[in-house]
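Visitor: can't give you the sequence, but here's the structure:
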């Protein structure tokens, strides 16, 4: 797990889609997707249920999203 992967995950979770997160973050969709896939592969679990052009957080993804929300809020505060 690294901060880049967590940022990618958080961006997708917030946006609800890989393409919107990529456009909003100024990063290519394949790069964003690769970061999230690497995070999922490292821990052997899915973080999103992919459907059409959107995504929905899995239960594990919901838990991680709660953590990343606190993490990036603390980072902003610092």
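Guide: Good, I have the coordinates. This structure is a prediction, so every number in the text was calculated from the model and none was measured.
Visitor: what about the residue sitting nearest the centre point of the chain, which helix or strand?
Guide: Central residue of the chain (C-alpha atoms, centre = their mean): residue 9, 1.1 Å from the mean position. Element membership of residue 9, judged by DSSP states H and E, is helix 3-15.
Visitor: by contact count, what packs against the following helix or strand past that helix?
Guide: Where DSSP H and E defines the elements, the next helix or strand beyond helix 3-15 is helix 18-25. On a contact count with 3 or more C-beta pairs under 8 Å, 6 or more residues apart in numbering; DSSP states H and E, helix 18-25 meets helix 3-15, helix 29-43. Where you see a C-beta, it was placed from the backbone N, CA and C, and this is true even at glycine.
Visitor: Tell me which of those is the most buried.
Guide: helix 3-15 (a mean of 19; mean count of other C-beta atoms under 10 Å).
Visitor: hang on, the earlier thing: from what I see, the residue nearest to the centre of the chain and residue 39 are in contact.
Guide: Yes - using C-beta atoms under 8 Å, residue 9 is in contact with residue 39, at 5.7 Å.
Visitor: Need the residues touching each of these two.
Guide: Contact criterion C-beta atoms under 8 Å, 6 or more residues apart in numbering; residues shared by residue 9 and residue 39: residue 47.
Visitor: What is the end-to-end distance of stretch 22-38?
Guide: 16 Å (C-alpha to C-alpha, to the nearest Å).
Visitor: Show the average pLDDT along that stretch.
Guide: Mean pLDDT, computed over stretch 22-38, is 96.
Visitor: Which residues are in contact with the closest residue to residue 45 other than its chain neighbours?
Guide: Once flanking residues are discounted, residue 45 sits nearest to residue 60: 5.1 Å by C-beta to C-beta, 6 or more residues apart in numbering. The contact partners of residue 60, by C-beta under 8 Å, 6+ apart, come to 45, 46, 47.
Visitor: Understood, closing this out.
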